[in-house]
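S.K.: missing the sequence, but the structure's below:
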C-alpha cells in the first residue's frame, strides 16, 4: 500500500530539486492550524502571532483536510529550481476556474460537512472569484508569515539540497532516496518510488521526471501525488529543522575573534550550514557587502569552499575552519 511513482528510463534523467516560497507559505498556514506540527516552530509562532491574528485563513484551512486531497492549484509545483513567490502566485491567479472548482470539490469532500458549509458553498459557487480571493489571501500570508523569514528558510532549504546533491553524486538515486524520509522507499528492480500510505495510488511518470522539494514547515510529514496536469513532485522535510529558529550564536570564541577579527570570526561561526552571502547577512544583521568581503578573505585563507547552485553561491567551512569555530575559548 502507498503512493507509487513508476519511473521509466527517461524519468531517471529528469529528477531535479526545487524550492518553493509558495509551498512554504501554504505549509506555514497549515502549521497554524496543526498543534502537532508546531513544536519546532515555537519562536516563529511567537514572532508572528500578533500579525497573524489579522488574517482570516479559514478559506485556505477548509481546503486543507487532515487526511486526503488538498487543493493542488493553490500550491502548484514550481516550474523551475528558483521560482520567486511572485512568479508562483501568478501561476495560481492563472488557474482555470473549472479545473479549480473540481480541485476544491475534491478537497472539500475529504472533510465531513465542509461542502455543505456556507464557506464551502461560496468557494465553489464562483470559482473564478475564489481563485483570485485565495491568491490574495496567500499573498497576505506570505507577507506576514514567511517573507520576513525567507532568507533564513531559504538558507536551510538550500543547505538541504546541497547535502542531498552530494549523496546523489556519491551513491546515485538509491542513496538519495534512502536518505530523504523513513516513509520513502526505492525499488531499483521495478524503478518504483513508494511513499508509505494507508491507501493505494499509482502514477506513471511518463518521461516527466520527478521534482524533489525540501520543506521546513511540512516536518515531519512527506507529501506527493500531485495529479495531472501538475509536475510529479515529492515534498520532504528539510534537514536541520531543529536549529532553524535558534538565534545566531553570540559566543564567538574571543581567541578566534582576535585571530581573524570579530566580523570574520562571526561569519565563520555562523556557517554551521552552507549559506549564501544574502542569507548570512540576514542572519548576522550585517551589510551584504561586508559579509562578501569577509567571505572572500576566509576563502583565500583556505577556511571556506564555495559551490554554485542556480544563481547563488553557497559557502561552507573546511575541516580546519570547523575545528577553529568549535574550539574552546581559553581566554
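M.R.: The structure has been received and is ready for your questions. Just so it is clear, the structure is predicted and the values come from calculations on it, not from any experiment.

S.K.: for the protein, what's the longest helix?
M.R.: In the chain, assigned by DSSP state H, the helix with the most residues is helix 150-178.

S.K.: which of the residues in that one are buried?
M.R.: For helix 150-178, the neighbour count (16 or more other CB atoms under 10 Å) marks 150-164, 167-168, 173, 176-177 as buried. Any C-beta I mention is one placed from the backbone N, CA and C, and that applies to glycine too.

S.K.: same check on stretch 254-270?
M.R.: By 16+ other CB under 10 Å, the buried positions in stretch 254-270 come out as 256-257, 260, 263-270.

S.K.: residues near residue 92, how many?
M.R.: By other CB atoms under 10 Å, the residues close to residue 92 number 19.

S.K.: ok, the residue nearest to it when sequence neighbours are not counted - contacts?
M.R.: Excluding the flanking residues, the one nearest residue 92 by CB to CB, 6 or more residues apart in numbering is residue 135, at 4.7 Å. When contacts are counted by CB atoms under 8 Å, 6 or more residues apart in numbering, residue 135 touches 74, 89, 92-93.

S.K.: okay, the residue nearest to residue 114 when sequence neighbours are not counted and residue 312: tell me how far apart.
M.R.: Nearest residue to residue 114 in three dimensions, chain neighbours excluded: residue 108, at 4.4 Å (CB to CB, 6+ apart). When distance is defined by CB to CB, to the nearest Å, residue 108 is 39 Å away from residue 312.

S.K.: those two: which has the busier surroundings?
M.R.: Per other CB under 10 Å, whichever of residue 108 and residue 312 has more neighbours is residue 108, with 24 against 16.

S.K.: remind me which helix or strand residue 231 belongs to.
M.R.: Secondary structure assignment for residue 231, by DSSP states H and E: no helix or strand.

S.K.: so which residues of the stretch 151-300 of the chain form strands?
M.R.: For the stretch 151-300 of the chain, the strands defined by DSSP state E, counting those that start in this stretch cover 184-187, 192-195, 200-204, 210-215, 223-224, 233-237, 275-276.

S.K.: pLDDT-wise, which helix or strand of this protein ranks last?
M.R.: When each helix and strand of the chain is scored by mean pLDDT, DSSP states H and E, helix 277-284 comes last, with a mean of 81.

S.K.: return the residues in contact with residue 55.
M.R.: Residues counted as contacts of residue 55 (CB under 8 Å, 6+ apart) are 137, 140-141, 144-145.

S.K.: save the residues you listed as a markdown table, and put in secondary structure and pLDDT too.
M.R.: Listed next are the contacts of residue 55 as a markdown table, based on DSSP: H, G, I helix; E, B strand; the rest coil; pLDDT from 0 to 100:
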| residue | secondary structure | pLDDT |
| --- | --- | --- |
| 137 | helix | 98 |
| 140 | helix | 98 |
| 141 | helix | 98 |
| 144 | helix | 96 |
| 145 | helix | 97 |
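
S.K.: most neighbours among these, which one?
M.R.: Greatest neighbour count in the contacts of residue 55, by other CB under 10 Å, goes to residue 145: 25 neighbours.

S.K.: next up, the contacts around that residue.
M.R.: When contacts are counted by CB under 8 Å, 6+ apart, residue 145 touches 25, 28-29, 32, 48, 51-52, 55.

S.K.: one more time with 7 Å
M.R.: Residue 145 makes contact with 25, 28, 48, 52, according to CB atoms under 7 Å, 6 or more residues apart in numbering.

S.K.: closest to residue 118 out of those?
M.R.: Residue 118 lies nearest to residue 52 out of these, by CB to CB, at 23.3 Å.

S.K.: burial count for residue 20?
M.R.: The burial count for residue 20: 25, using other CB under 10 Å.

S.K.: do I have it right that it meets residue 91?
M.R.: No - taking contacts as CB atoms under 7 Å, residue 20 lies outside contact range of residue 91: 10.8 Å.

S.K.: okay, and the common contacts of those two?
M.R.: Overlap of the contact sets of residue 20 and residue 91 (by CB under 7 Å, 6+ apart) is empty.

S.K.: where along this structure do the helices fall?
M.R.: Under DSSP H, the chain gives helices at 9-12, 21-33, 42-52, 58-62, 85-93, 97-108, 118-125, 127-141, 150-178, 254-260, 262-270, 277-284, 288-300, 319-326.

S.K.: just checking, what packs against the longest one?
M.R.: Spelled out, it's helix 150-178. Contacts defined by 3 or more CB pairs under 7 Å, 6 or more residues apart in numbering; DSSP states H and E place helix 150-178 against strand 184-187, strand 210-215, strand 275-276, helix 277-284, strand 304-309.

S.K.: state the distance from the nearest residue to residue 69 once chain neighbours are set aside to residue 291.
M.R.: Nearest residue to residue 69 in three dimensions, chain neighbours excluded: residue 106, at 4.8 Å (CB to CB, 6+ apart). Relative to residue 291, residue 106 is positioned 46 Å away (CB to CB).
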